[in-house]
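Asks: structure for this input, please:
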Amino acid sequence: MNINDIKDLIKFIKSNKIKEFYYKKGDEEVSVKLSHEETAAQDLKHRVREKKEYLAQIEDIEHAELAKLSAQRSQAVKSELTEQESKKETLKEIVSPFVGSFYRSPSPDKPPFVEVDSVVEKNSPVCIIEAMKIMNEIEVDIKCRIVSILVETGQLVEYGQPLFLVEPL
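Replies: Numbers count the residues shown, from 1 in each chain. Next comes the predicted model:
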């Protein structure tokens, strides 16, 4: 065996993580033993490589799950928007008949005329608009359910400004 054969043999032993090798043929004898430090370094490199591969797999799974969740959320938002659009077509607005200050209750110590989801009978008051120191009750012209209150108590409103969204019953 020449020196190049021995070098190749050592490379082979290291790359295959063989800790000890013994060869004998006739009067030729070769014994190779890797030190603990070399095997430990090889083991560490191998574990690091395996951990990187494992983390990459986890990252791929996480990306796939996030994409799946994102697609589900996007679909839910689309269906919610579609539902809102279909509801919006059936909703009516109660608008301010003039400029003034909006109040939800007849006086500060009284409860509001209506809340969200209140069912209101035809010609029932829903708010007060104060204009030129006169308190004007605003009534609904249909039986309806209050879906949304669009302004806050004390807020100045304009002529034609939506005050409530209602669902006719």
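
Asks: most remote residue from this protein's center?
Replies: Distance from the C-alpha centroid of the chain peaks at residue 27, with 74.2 Å (CA atoms, centre = their mean).

Asks: care to break the chain down by domain?
Replies: Domain assignment of the chain by automatic domain parsing yields the ranges 3-34, 92-168.

Asks: check contacts around the residue farthest from the centre of the chain.
Replies: Going by CB atoms under 8 Å, 6 or more residues apart in numbering, residue 27 touches no other residue. Where you see a C-beta, it was placed from the backbone N, CA and C, and this is true even at glycine.

Asks: now the weakest link among the domains of the chain, please, by mean pLDDT.
Replies: Mean pLDDT across the domains of the chain is lowest at domain 3-34; the value there is a mean of 79.

Asks: how far out from the middle of the chain is that domain?
Replies: Relative to its chain's centre, domain 3-34 lies at 59 Å (CA atoms, centre = their mean, to the nearest Å).

Asks: can you check stretch 154-168 too?
Replies: Here the centre of stretch 154-168 is set off from its chain's centre by 32 Å, with CA atoms, centre = their mean.

Asks: gap between the closest residue to residue 20 other than its chain neighbours and residue 13?
Replies: Closest residue to residue 20 apart from its sequence neighbours, by CB to CB, 6 or more residues apart in numbering: residue 33 at 4.9 Å. Here residue 33 is placed at a distance of 9 Å from residue 13 (CB to CB, to the nearest Å).

Asks: find residues that contact each of those two.
Replies: Shared contacts of residue 33 and residue 13 (CB under 8 Å, 6+ apart): residue 21.

Asks: do a quick rundown of the helices in this structure.
Replies: Ranges of helices in the chain, per DSSP state H, are 3-15, 36-90.

Asks: taking helix 3-15 as reference, get the angle to the longest one.
Replies: Computed with axes from the mean of the first three to the mean of the last three CA atoms, to 10 degrees, the direction of helix 36-90 lies at 40 degrees from that of helix 3-15.

Asks: and helix 36-90, how far out from the chain's middle?
Replies: 13 Å.

Asks: show me what it is packed up against.
Replies: strand 162-168 (3 or more CB pairs under 8 Å, 6 or more residues apart in numbering; DSSP states H and E).

Asks: what residues of the strand it packs on count as buried?
Replies: 163, 164, 165, 166 (16 or more other CB atoms under 10 Å).
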